[in-house]
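[1] Just the structure for this:
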Amino acid sequence: MGPKDRKTVEREDKDGWKHSTTYDPETNNRWSVDYKDTGLGGVGSNWFEVKNAHHTDQDDNTHDDNVRFGEST
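    Below you'll find the model as predicted:
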């Protein structure tokens, strides 16, 4: 197992926002983020606005729900 086994699910939210959740079965970790293409530099420019980024270790019941993206609990 490893990164190749990670599963990502995306959904469209309102006002151009998308929600993405990635799950890694090997580590039982989940990452979630809401993002929107800003349109800066044209469509497909890779400039995104990000909000509500979150990481959860599913095996750790003591995690902090307020961690920032990229931080571990």
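
[2] What pairs with the helix or strand bottoming out on mean pLDDT in the chain, parallel or antiparallel?
    Least confident element among the helices and strands of the chain, by mean pLDDT, DSSP states H and E: strand 48-57 (a mean of 84). Strands flanking strand 48-57 in the sheet, each with its direction: strand 29-37 (antiparallel) (DSSP bridges).

[3] Tell me where the model's unsure across this structure.
    Flagging of the chain using pLDDT under 70 yields the residue ranges 1-3, 42-45, 60-73.

[4] Quick one: classify Asn46 as helix, strand or coil.
    For Asn46, the assignment made with DSSP: H, G, I helix; E, B strand; the rest coil gives coil.

[5] Now do it against Leu40, distance only.
    According to C-beta to C-beta, to the nearest Å, Asn46 stands 9 Å off from Leu40. Just so you know, the C-beta spots here come from the backbone N, C-alpha and C atoms, and that holds for glycine as well.

[6] just Lys4 next, same as before
    In terms of C-beta to C-beta, Lys4 sits 32 Å off from Leu40.

[7] now swap in Asp57 and tell me
    In this structure, Asp57 lies at 34 Å from Leu40, with C-beta to C-beta as the measure.
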